[in-house]
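1. return atomic coordinates for the entry below.
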Amino acid sequence: MIEFSTWDILRNLLLATRWTILLSLVSFVGGGAVGLLLLFLRISKRKAARAFAKYYIELFQGTPLLMQLFLAFFGLGLFGIDVPAWLAAGLALVLWTASFLAEIWRGCVESIARGQWEASASLGMGRLQQMRYVILPQALKIAVPPTVGFSVQVVKGTALTSIIGFVELSKAGTVVTNATFQPFTVYGLVALIYFALCWPLSKSSQILERKLNVAHRNH
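-> Residues are numbered from 1 along each chain as shown. Next comes the predicted model:
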């Protein structure tokens with residue numbers, strides 16, 4: 001029987017961690033782009049646009065991410081579309097992430113005093129100009145802490161992609177456990193790696209939130 005040292009196990013887990021990080025980045029950046037579009041639709045003056053964004057957000061927030069992964073991977077296969085696990089994982093996570101970021105950002109935009117909209121409108125600014133030059137710069141300061149905080153959920157959400165065969169950190173933990181028969185060592189290291197990925201993000205969110213509260217009190 002082959003003996004596996006702790007370093008051998010850790011090295012294999014770290015190789016898979018690269019895919020966890022990459023999938024998290026793709027999900028967050030892609031979700032941010034789609035979420036920004038949803039934000040503009042959500043606050044649009046057009047009723048149809050607001051309705052579309054509302055029902056999109058309710059659908060993706062109101063259904064389990066696991067189900068969305070299954071539909072992206074197996075559902076498209078029913079129509080003869082062969083989707084690789086990495087593509088299905090990225091697509092499902094991008095759409096899921098977008099629904100939450102859009103709502104986080106909508107709350108931040110709507111927290112800006114109505115007078116800011118009225119003042120910018122009195123200067124002859126259009127809707128997009130108002131958003132670009134007046135509303136978004138102020139909302140950005142409020143949005144940073146919860147946005148960074150949500151990134152922790154994105155990182156942990158990547159663990160569910162193992163169910164469709166994508167080999168990220170948690171899937172690698174299962175594979176390594178089957179090879180080494182050392183579940184406590186393997187999953188202990190998996191937990192530590194997830195902690196090392198998520199703790200700085202969580203801490204950054206707390207620090208940014210404190211700075212924002214101090215800035216508000218000073219004003």
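2. output the below-cut-off pLDDT ranges for this structure.
-> Residues of the chain that meet the criterion pLDDT under 70 lie in 1-2, 215-219.
3. now do the strands in it.
-> Counting by DSSP state E, the chain has no strands at all.
4. now for Leu160, how many residues are close by?
-> Leu160 sits with 21 neighbouring residues when counted by other C-beta atoms under 10 Å. For every residue, glycine as well, the C-beta is placed using N, CA and C.
5. again with the one 5 residues further on
-> When counting by other C-beta under 10 Å, one arrives at 13 neighbours for Gly165.
6. ok, it - contacts?
-> Gly165 makes contacts with Phe73, Ala85, Lys171, as judged by C-beta atoms under 8 Å, 6 or more residues apart in numbering.
7. any idea which of those is closest to Glu3?
-> Taking C-beta to C-beta as the measure, Lys171 is the one of the contacts of Gly165 closest to Glu3, at 23.3 Å.
8. which residue is the nearest non-sequential neighbour of that closest one?
-> Ser162 (3.5 Å; C-beta to C-beta, 6 or more residues apart in numbering).
9. separation between that neighbour and Ala92?
-> Taking C-beta to C-beta, to the nearest Å as the measure, Ser162 falls 13 Å from Ala92.
10. the more surrounded of those two?
-> Neighbour totals were compared for Ser162 and Ala92, and Ala92 leads with 25 against 21 (other C-beta under 10 Å).
11. wait, doesn't that one sit right on Phe74?
-> No - here Ala92 does not reach Phe74: they are 11.4 Å apart, not a contact under C-beta atoms under 8 Å.
12. OK, contacts around the residue nearest to Lys171?
-> Neighbouring residues of Ser162 by C-beta under 8 Å, 6+ apart: Glu168, Ser170, Lys171, Thr174.
13. show me which pair in those is furthest apart.
-> Largest separation among the contacts of Ser162 by C-beta to C-beta: Glu168 and Thr174, giving 10.7 Å.
14. give me the neighbour count for the closest residue to Lys45 other than its chain neighbours.
-> Among residues not flanking Lys45 along the chain, Arg127 sits closest, at 7.3 Å (C-beta to C-beta, 6+ apart). Residues contacting Arg127 under the criterion other C-beta under 10 Å number 15.
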